[in-house]
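**Student:** this one's sequence-less:
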């Protein structure tokens, strides 16, 4: 007798037949006496179709209207889902963002949920109805439709779970859970039973792709237990939860990689206060997200500044930085798209030395050159040549013995 | 400097290119200094596509959820339209039913507009924005999405024009206006310059298909002038307005026909109070719309009861009526699908005798047998064999000289 929020992604609701399957799965839970709130994404392909339509209209569609357009995708899903449940003889109601009182800020296309008034949903649950909430959408304080950006349905689900004080938020996807690394490049990757919010945050942002990063932040903030699992099996997946004592014993939980970044180096930047700010100003203004930044100390009054940007923004960034480099008198700007980032993540690192050292050794043994390094409390990332990505992931996975369960501090 | 409400139907917004054309047309009016409110239907084909999707899910989709699904069609149109206007350098805002505060009753699929709070729209107009309102949809008092049924965008436009006290409500369609009869079967049909609400009501309900009947009722009630015109030319179309002295001189304004009805006769019904009520009870309960009803007086204590129903409901009606006929001891039930209704309409009839007589004569001269007759103040309808429909329309059109302007009382 729990309150369960379930979220099904685009592939899980990609056809009439699949929506029917989801309805049956939800009903199984409902018949066991649970209160069910179901968050749905747009049917697979719909979102791309709508974007295509908008781009046919104009190159740079108005953001407000793009959100009005995009919001129809989830609207179709929840209506069809509620029809399916009804046709099976049970009561269901679809609720759109405005009906579910999902209040966001006004950042069209990447709005953030500010508040959810759960009154309406609770009222529907009291009537024993299954509630289907359109993911990805909300309403700003002026009554405009907003969307949360790609993957936003995860955030909708977690935010609803927090507002409803749900017992669990189940995220259904086409994989079985969170793996120690990408099974596509490392067949020995192992599905984890549990992972902490912080580890998940590092893995998600590093490209684990299973959970949208903001939804994990939300879950951490409100301590919502997330269960990532497969739509196509009944197997338990991976619990994403607050850190436990056991987890702290784990030095490395997973290996992540990201091939979507490019590197830019500004050579011989005059080493005086304010130059870094000057270099990055046009980049930030263009809303380009800079990931790693490394600055080498200098002896001759100049310094080399290296950073990474998304590959999609590489050419634009190169142009912007070249201009500013000329202005401040830097020597030249170099760029490299053939890089990737490989990271190891684990909460146990926090209290343990030598992990970075071990990582560098393992890579060196395979003759993989490390171009840049950054570290956080629970993560070590190395930029390497892109062609070594798969090899690096595999040797790190093996060296930290992730195949046989977490590497413990023993 | 007028406030103009324009409505564009599904064919007018059937592609990205067409929506762009509509945006240009609206901008022409806007640049002349007019305040513009634009009501759009779903892109041609979309509504059918959505219905198909729902039927794939189940035979009898839940009405509430069907409305949630259907409402996405107009949402797509208004978003794309507003994008088009914005990309042309002008300001526009799309508003959905709930944002435009279009309050309806709760009859899903055929809701009626009860009230419109024009505050939000007026505020957008004050900011010199072009306002695009999604047709066909509203919100009931409990916050559920409702739709007004096919053709409902006309009603949205007229209701908005009434609420905004607009100077005119222009209904754009793929024909040039309201014709004296269907040009497809009578090439001499003439486009009328003006027609009264009452005449339009009779023509619309008889199948003129240009304007949704409820929108005309609405226009009559609030005295909203409607201008029916073509999306594809700049020509003036037909004004639908309150009756004028001139109109009263016109005996016959138009000839309409309807092939979508079937006839049912209950033979030798015991002639006692209450039997008619008994015959129709199951029909009304099944929400089947009965059009004409004729009961012959009897001499032997029985009576024949004849009525028409939509062809789509014919088999069902026949079954329901046969059951009740047995119960009340009627002799038998006959049915005929091969009928059609031909009608002449004109406000001038009201004060003029002999029109019906003339109609009967004209039909008789062509050996067209009249099966049933009904009359109203401004309309005479005859049920005839379906195969004579086109012939009847042509000879009536000619005999009342509709080709050369209204038949006047001279």
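**Tutor:** Structure received. This one's a predicted model, so the numbers in the text were calculated from it and none came from an experiment.
**Student:** could you use CA atoms for every contact and neighbour count after this?
**Tutor:** Noted.
**Student:** pull the number of nearby residues for residue A:42.
**Tutor:** Residue A:42 has 28 neighbours, counted by other C-alpha atoms under 10 Å in any protein chain shown.
**Student:** same question but for residue A:301, I mixed them up
**Tutor:** With other C-alpha under 10 Å as criterion, residue A:301 counts 11.
**Student:** what does the one 4 residues further on give?
**Tutor:** One way to gauge burial is a neighbour count; for residue A:305, by other C-alpha under 10 Å, it gives 20.
**Student:** what of residue A:316?
**Tutor:** If you count neighbours by other C-alpha under 10 Å, residue A:316 ends up with 14.
**Student:** may I have the phi/psi pair for it?
**Tutor:** Dihedral angles of residue A:316 (phi, psi; degrees, to the nearest 10) stand at phi -60, psi -40.
**Student:** quick check: it vs chain B, distance?
**Tutor:** For residue A:316, the distance to chain B equals 23 Å [C-alpha to the nearest C-alpha, to the nearest Å].
**Student:** look up how far residue A:286 lies from that residue.
**Tutor:** 9 Å (C-alpha to C-alpha, to the nearest Å).
**Student:** again with residue A:175
**Tutor:** 35 Å.
**Student:** more neighbours: which of these two?
**Tutor:** Using other C-alpha under 10 Å as the criterion, residue A:175 and residue A:286 rank with residue A:175 on top: 16 against 13.
**Student:** for the stretch 301-410 of chain A, what spans make up the strands?
**Tutor:** A:302-310, A:332-336, A:339-345, A:370-376, A:379-385 (DSSP state E, counting those that start in this stretch).
**Student:** neighbouring contacts of the last one?
**Tutor:** Which is strand A:379-385. A:202, A:338-346, A:349, A:356, A:368-375 (C-alpha atoms under 8 Å, 6 or more residues apart in numbering or on different chains).
**Student:** now which of those would you call buried?
**Tutor:** A:202, A:339-346, A:349, A:356, A:368, A:370, A:372-373 (16 or more other C-alpha atoms under 10 Å in any protein chain shown).
**Student:** closest one of the residues you listed to chain B?
**Tutor:** Distance to chain B across the buried ones among the contacts of strand A:379-385 (C-alpha to the nearest C-alpha) is lowest for residue A:202, with 36.8 Å.
**Student:** wait, the closest one touches residue A:346, no?
**Tutor:** No - using C-alpha atoms under 8 Å, residue A:202 is not in contact with residue A:346, being 9.0 Å away.
**Student:** how far does stretch A:372-388 sit from its chain's centre?
**Tutor:** How far stretch A:372-388 lies from its chain's middle: 19 Å, per C-alpha atoms, centre = their mean, to the nearest Å.
**Student:** what does chain A have sitting close to chain B?
**Tutor:** Within chain A, the positions near chain B by C-alpha under 8 Å from any C-alpha of the partner chain are A:16-17, A:20, A:53-54, A:56-58, A:60-62, A:65-66, A:68-69, A:72, A:75-76, A:79-80, A:82-84, A:86-87, A:93-94, A:99, A:143-144.
**Student:** residues in contact with the closest residue in space to residue A:270 that isn't next to it in sequence?
**Tutor:** Using C-alpha to C-alpha, 6 or more residues apart in numbering or on different chains and skipping residues adjacent in sequence, the residue nearest residue A:270 is residue A:302, 4.4 Å away. Residue A:302 makes contact with A:268, A:269, A:270, A:271, according to C-alpha under 8 Å, 6+ apart.
**Student:** in the stretch 101-250 of chain A, which spans are helices?
**Tutor:** According to DSSP state H, counting those that start in this stretch, the stretch 101-250 of chain A carries its helices in the segments A:119-126, A:152-163, A:197-203, A:213-222, A:245-248.
**Student:** tell me the most buried of those helices?
**Tutor:** helix A:152-163 (a mean of 27; mean count of other C-alpha atoms under 10 Å in any protein chain shown).
**Student:** and that helix, what does it pack onto?
**Tutor:** Applying 3 or more C-alpha pairs under 8 Å, 6 or more residues apart in numbering or on different chains; DSSP states H and E, one finds that helix A:152-163 contacts strand A:3-8, strand A:35-40, strand A:113-116, strand A:137-139, strand A:168-173, helix A:213-222.
**Student:** what mean pLDDT does it get?
**Tutor:** Averaging pLDDT along helix A:152-163 gives 96.
**Student:** ok, now stretch A:231-243?
**Tutor:** 93.
**Student:** ends of that stretch, what's the gap?
**Tutor:** From the first residue to the last, stretch A:231-243 extends over 26 Å; the measure is C-alpha to C-alpha.
**Student:** low-confidence stretches in chain A?
**Tutor:** Applying pLDDT under 70 to chain A flags residues A:205-208, A:406-410.
**Student:** recalculate using a threshold of 80.
**Tutor:** A:149-151, A:204-210, A:296-299, A:351-353, A:405-410 (pLDDT under 80).
**Student:** mind checking the longest helix of it?
**Tutor:** Ordering each helix of chain A by length in residues (DSSP state H) puts helix A:63-87 first.
**Student:** now for that helix, which elements pack on it?
**Tutor:** helix A:16-31, strand A:35-40, helix A:46-57, strand A:92-95, strand A:130-134, strand A:145-147, helix B:46-57, helix B:63-87.
**Student:** same thing but 6 Å
**Tutor:** helix A:16-31, strand A:92-95, strand A:130-134, strand A:145-147, helix B:63-87 (3 or more C-alpha pairs under 6 Å, 6 or more residues apart in numbering or on different chains; DSSP states H and E).
**Student:** now for residue A:141, how many residues are close by?
**Tutor:** Residues near residue A:141, counting by other C-alpha under 10 Å: 12.
**Student:** residue A:344 pairs with what?
**Tutor:** For residue A:344, the beta-bridge partners under DSSP bridges are residue A:255, residue A:380.
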